[in-house]
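Chemist: structural data only, the sequence is not supplied:
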């Protein structure tokens, strides 16, 4: 049987459980497109899956953010031409439930993610449904394209679809040096918002300002809420973009203005938080949860990236064989933007 190179986990644990070597070559089924992976970006979700804190399917090829070229078509598949440059929508949904029927498929009860419930992009080839294959915007490298899907799609759903960000509002982006944080700064500015961004060292804060943040906060040495209120004349912010969890949750809530919206998509520091109910409902505040995004939102994000209005931020590129070291870099928190594997 033919083989491809892949980085696979066969047990859960630390980065060294990722083993690079030969793997059975996948074949596209009916309605599927075979994609030759050229780049795959890391997400914190990769770490959770590797540790056994998400899907526990083993063995598994990690990797949710994928860009590459069409290498083949399954039986009866009408898809893009062989060799076409593509980027993949990272979610698989049923296409039939009440949410899928109205274009809100990120709420599908059967939603699955590449690199979790099914094999992902830490491999040379991946078969995916044709509806997950989108043309790669002109002017992007494969690395830049792979740095885009989860971060920009989730940030768009949070800020635009769920949060309804409007011109003149103030958005606090917590953990702004991450891939999703760097996307949030750009999307908020694109919609005419003022952006306050938190980051842990001077270099990262300067890079946040270079991306468009109006003000920055050191979330290690300063109180996020005190600075957010000082910078808004005591009022607080209209939207908090939150993906950190317990380490920043209380400060994020205290930063909210009356009728403020807290947007949450992740919990890199844990899963359990508390909600001060009187403070929350007495100020008419709202929490919106987001899990990645929809195909319609992905199309709009790709259009804006192609037009040069949004741009993925790449931190560092590792060869696929060095996937364990890429994971270590993410766990150390050294990155600004997305860490990407070149395949």
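Modeler: Good, I have the coordinates. Nothing here was measured: the structure is a model prediction, and the numbers come from that model.

Chemist: what average pLDDT does stretch 64-74 get?
Modeler: Stretch 64-74 shows a mean pLDDT of 98.

Chemist: sorry, that was for stretch 113-120
Modeler: The model assigns stretch 113-120 a mean pLDDT of 96.

Chemist: then stretch 199-206?
Modeler: Across stretch 199-206, the average pLDDT comes to 95.

Chemist: roughly how far out does it sit from the chain middle?
Modeler: Offset of stretch 199-206 from its chain centre (C-alpha atoms, centre = their mean, to the nearest Å): 21 Å.

Chemist: 20 is where my numbering starts, stick with that
Modeler: Fine by me, first position is 20 from now on; the one you just mentioned is stretch 218-225.

Chemist: got the buried residues for the helix or strand containing residue 315?
Modeler: Using DSSP states H and E, residue 315 sits in helix 314-325. The neighbour-count check on helix 314-325 (16 or more other C-beta atoms under 10 Å) flags 314, 316-317, 319-321, 323-324 as buried. Quick note: C-beta positions are derived from backbone N, CA and C, even for glycine.

Chemist: strands paired with the particular helix or strand that has residue 216 in it, and their directions?
Modeler: Assessed by DSSP H and E, residue 216 sits inside strand 213-218. Strand 213-218 pairs in its sheet with strand 189-192 (parallel), strand 234-237 (parallel), by DSSP bridges.

Chemist: and for residue 114, the neighbour number?
Modeler: When counting by other C-beta atoms under 10 Å, one arrives at 12 neighbours for residue 114.

Chemist: how about the contacts made by it?
Modeler: 124, 150 (C-beta atoms under 8 Å, 6 or more residues apart in numbering).

Chemist: for residue 208, same thing?
Modeler: Here residue 208 is in contact with 214, 230-231 (C-beta under 8 Å, 6+ apart).

Chemist: one more: residue 289?
Modeler: Here residue 289 is in contact with 264-266 (criterion: C-beta under 8 Å, 6+ apart).

Chemist: now with 6 Å, please.
Modeler: By C-beta atoms under 6 Å, 6 or more residues apart in numbering, residue 289 lies in contact with 264-265.

Chemist: do the one 4 residues further on as well
Modeler: The neighbourhood of residue 293, defined by C-beta under 6 Å, 6+ apart, contains no residues.

Chemist: cool, and residue 278?
Modeler: Residue 278 neighbours (C-beta under 6 Å, 6+ apart): residue 303.

Chemist: let's go with 7 Å and repeat that
Modeler: Contact analysis of residue 278 by C-beta atoms under 7 Å, 6 or more residues apart in numbering lists 303-304.

Chemist: that one and residue 161, how far apart?
Modeler: Going from residue 278 to residue 161 by C-beta to C-beta, to the nearest Å gives 43 Å.

Chemist: what do you get for residue 246?
Modeler: Distance from residue 246 to residue 161, by C-beta to C-beta: 39 Å.

Chemist: next: residue 76.
Modeler: According to C-beta to C-beta, residue 76 and residue 161 sit 27 Å apart.

Chemist: out of those two, which sits in the more crowded spot?
Modeler: The neighbour count for residue 76 versus residue 161, taken as other C-beta under 10 Å, is higher for residue 161 (22 against 12).

Chemist: can I assume the more buried one is in contact with residue 55?
Modeler: No: Residue 161 is beyond contact range of residue 55, at 10.2 Å (criterion: C-beta atoms under 7 Å).

Chemist: who touches both of those two?
Modeler: When C-beta under 7 Å, 6+ apart defines a contact, the residues bordering residue 161 and residue 55 alike are residue 87.

Chemist: re earlier: who touches the strand holding residue 216?
Modeler: Here strand 213-218 makes contact (C-beta under 7 Å, 6+ apart) with 189-196, 204, 207-208, 224, 227, 231-236, 238, 243, 247, 250, 256.

Chemist: these in helices, which ones?
Modeler: Cross-referencing the contacts of strand 213-218 against helices under DSSP state H gives 204, 207-208, 224, 227, 243, 247, 250.

Chemist: in the protein, which spans are helices?
Modeler: Going by DSSP H, the chain shows helices at 63-70, 161-165, 168-175, 198-209, 221-230, 243-250, 265-274, 296-301, 314-325, 342-351.

Chemist: nearest to residue 116, out of those helices?
Modeler: Closest approach to residue 116 among these (C-beta to C-beta): helix 314-325, 14.4 Å.

Chemist: surely residue 94 touches residue 47?
Modeler: No: in this structure, residue 94 is not within contact of residue 47 by C-beta under 7 Å, at 8.2 Å.
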